[in-house]
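Undergrad: Build me a model:
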Amino acid sequence: MQTTTQAAVETTGAVPLAEAFQPGRLISLDVFRGLTVMAMILVNNPGDWGHIYAPLEHAAWNGCTPTDLIFPFFLFIVGVSLVYALDTARRNRDQHNKLIIKILRRSAILYGLGLFSALFPAFDFTTVRIPGVLARIALVFLICGLLFLKTTWRQQAWLLIGILVGYNLLMQVVPVPGVGPANLEPATNLGAWLDRLLLGEAHLWKQSKTWDPEGILGTLPAVGTGLLGMLTAQWLRRRTVDAATKVAWLFVAAGVAIVLGMIWNGWFPINKALWTSSYVLYVGGIAAAGLAALYWLCDVQGYRGAWTKPFLVYGVNAITVFFLSGLVPRLLNMIKLREANGQEVGLRTWLYDTLFVPNFSPINASLAGAIVCVLIWLGILWVMYQKRIIIKV
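TA: Alright, predicted model coming up:
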């Protein structure tokens with residue numbers, strides 16, 4: 001990773017409408033990214049995993065809670081970011097080899113960070129989880145980055161359709177070896193079989209060991225989520241369309257995607273763990289609508305007051321805070337304290353039991369712990385933002 005002193009641009013007053021056409025950094029994208037990562041920190045760090053409000057949990061299987069929106073939002077943002085980062089250089093074919101090397105390098109770093117996080121602190125390679133959130137981000141970044149360099153937006157649109165239809169057919173038509181007919185059950189679907197075949201049960205999600213929510217086959221429709229972000233960004237960057245028209249049609253497209261996802265849900269259920277085609281459209285539509293609203297507010301109308309600052313602070317160091325927020329609790333629990341009953345507990349557990357458990361009901365103590373975690377990281381990131389420290393992967 002490298003540190004740069006180029007901070008995200010922040011403006012408080014109104015801006016000219018023409019600014020929406022400039023190829024620079026989208027303030028709305030940083031705000032959207034920050035909001036997404038902030039939500040990710042909140043749901044990933046409850047005080048007590050046994051006491052969580054329903055909206056802050058994933059759907060048990062089929063269905064979609066607010067928590068199920070977070071990861072696909074981030075992959076959608078990856079697609080949007082790729083376009084804004086590479087579009088100018090892509091037009092010069094002499095730069096393609098250099099860009100491919102950069103894409104490969106960043107993907108390898110993202111995957112390496114995910115592997116390190118899975119290994120820490122035991123570093124047991126015999127049971128390390130090979131798939132994961134950062135691993136999926138790395139693969140989507142790699143595939144979408146190469147597709148953006150080598151395909152047109154029309155080809156990307158057709159590819160998106162092919163991926164969604166093809167994945168549906170794979171999951172609901174192809175028989176599962178050793179199991180029987182195609183099915184969408186957790187441990188017996190085609191994706192779960194492929195993960196066990198190629199990775200082995202020891203390297204899958206430890207809560208199941210028979211399937212993984214970030215498995216190999218599910219990466220295919222996850223690329224579709226990235227493609228939706230790429231198509232959205234290319235629409236927003238069109239210079240021949242005024243900003244109001246861009247936003248209006250983006251809302252229309254978002255609505256169509258949501259409706260199609262809900263219709264498709266009738267035979268290929270919305271399901272995050274399988275990353276079903278209906279899930280891609282439904283959540284992708286919500287993401288597009290959210291970005292359209294923020295784009296109109298922040299980049300076109302110039303409403304960038306104090307309300308955007310916390311999200312910008314999170315957004316410009318998103319991967320950094322996501323990675324560190326997963327390590328720090330484990331580091332804290334490596335520090336052992338002895339309680340009055342003589343039992344040793346980790347520092348994080350001791351802090352939670354001392355500061356939150358006595359003062360709240362179990363579920364509110366858990367929520368309070370998560371909120372405090374978000375605020376602590378906000379303070380750290382705020383200092384980094386003020387000092388113009390942005391850690392780029």
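
Undergrad: What part of the protein, helix or strand, is modelled with the least confidence?
TA: strand 2-4 (a mean of 49; mean pLDDT, DSSP states H and E).

Undergrad: centre of the chain versus the next helix-or-strand element following that one, how much separation?
TA: Next along the chain after strand 2-4, taking DSSP states H and E as the criterion, comes helix 27-44. Averaging C-alpha positions (Cα atoms, centre = their mean, to the nearest Å) puts helix 27-44 9 Å from its chain's average.

Undergrad: Let's see helix 27-44 as PDB, backbone CA atoms only.
TA: This file holds the C-alpha atoms of helix 27-44, laid out as PDB (Å, rounded to 0.1, in the frame of the first residue of the first chain):
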ATOM      1  CA  ILE A  27     -17.800  13.500  -4.400                       C
ATOM      2  CA  SER A  28     -21.000  11.500  -4.400                       C
ATOM      3  CA  LEU A  29     -19.000   8.300  -5.000                       C
ATOM      4  CA  ASP A  30     -16.800   8.900  -2.000                       C
ATOM      5  CA  VAL A  31     -19.900   9.700   0.100                       C
ATOM      6  CA  PHE A  32     -21.600   6.500  -1.100                       C
ATOM      7  CA  ARG A  33     -18.500   4.500  -0.500                       C
ATOM      8  CA  GLY A  34     -18.100   5.900   3.000                       C
ATOM      9  CA  LEU A  35     -21.700   5.300   3.900                       C
ATOM     10  CA  THR A  36     -21.300   1.700   2.700                       C
ATOM     11  CA  VAL A  37     -18.100   1.000   4.600                       C
ATOM     12  CA  MET A  38     -19.500   2.700   7.800                       C
ATOM     13  CA  ALA A  39     -22.500   0.300   7.600                       C
ATOM     14  CA  MET A  40     -20.100  -2.600   7.000                       C
ATOM     15  CA  ILE A  41     -18.200  -1.700  10.200                       C
ATOM     16  CA  LEU A  42     -21.500  -1.400  12.100                       C
ATOM     17  CA  VAL A  43     -22.800  -4.900  11.200                       C
ATOM     18  CA  ASN A  44     -19.400  -6.600  11.400                       C
END
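
Undergrad: Give me the angle between the helix or strand just after that helix and helix 27-44.
TA: On the C-terminal side of helix 27-44, the closest following helix or strand by DSSP H and E is helix 70-90. Calculated by axes from the mean of the first three to the mean of the last three Cα atoms, to 10 degrees, helix 70-90 forms an angle of 150 degrees with helix 27-44.

Undergrad: which helices and strands does helix 70-90 pack with?
TA: helix 27-44, helix 96-119, helix 133-150, helix 219-236, helix 277-294 (3 or more Cβ pairs under 8 Å, 6 or more residues apart in numbering; DSSP states H and E). No exception for glycine: its C-beta is placed from N, CA and C like everyone else's.

Undergrad: Could you tell me the angle between the first one and helix 277-294?
TA: Between the axis of helix 27-44 and that of helix 277-294 there is an angle of 130 degrees, by the same axes, to 10 degrees.

Undergrad: For helix 27-44, name the packing helices and strands.
TA: Looks like helix 27-44 contacts helix 70-90, helix 277-294, helix 309-315, helix 318-334, helix 362-386 (3+ Cβ pairs under 8 Å, 6+ apart).

Undergrad: And Arg91, how far from Leu149?
TA: 11 Å (Cβ to Cβ, to the nearest Å).

Undergrad: Which of the two has more residues huddled nearby?
TA: Leu149 (18 against 8; other Cβ atoms under 10 Å).

Undergrad: could you list every residue that touches Val357?
TA: Gly47, Ala365 (Cβ atoms under 8 Å, 6 or more residues apart in numbering).

Undergrad: how about 7 Å then?
TA: Counting by Cβ atoms under 7 Å, 6 or more residues apart in numbering, Val357 makes contact with Ala365.

Undergrad: could you measure it against Gly315, distance?
TA: 33 Å.

Undergrad: okay, which residue is most central for the chain?
TA: Nearest to the mean C-alpha position of the chain, by Cα atoms, centre = their mean, lies Phe74 at 2.8 Å.

Undergrad: pretty sure that one is touching Thr36, no?
TA: Yes. Using Cβ atoms under 7 Å, Phe74 is in contact with Thr36, at 5.4 Å.

Undergrad: In stretch 218-233, which residues are buried?
TA: 218-233 (16 or more other Cβ atoms under 10 Å).

Undergrad: Save the helices and strands packed on helix 27-44 as TSV, and put in distance to Leu169 too.
TA: Listed next are those as TSV, based on distance: least, Cβ to Cβ, whole Å:
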stretch	distance to Leu169
helix 70-90	21
helix 277-294	10
helix 309-315	37
helix 318-334	34
helix 362-386	40
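
Undergrad: wait, which of those helices is closest to Gly178?
TA: Gly178 lies closest to helix 277-294 among those, at 25.1 Å (Cβ to Cβ).

Undergrad: ok, back up a step: now the helices and strands packed on helix 27-44 in CSV, with mean pLDDT?
TA: Formatted as CSV, those follow (pLDDT from 0 to 100):
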stretch, mean pLDDT
helix 70-90, 95
helix 277-294, 98
helix 309-315, 95
helix 318-334, 95
helix 362-386, 97
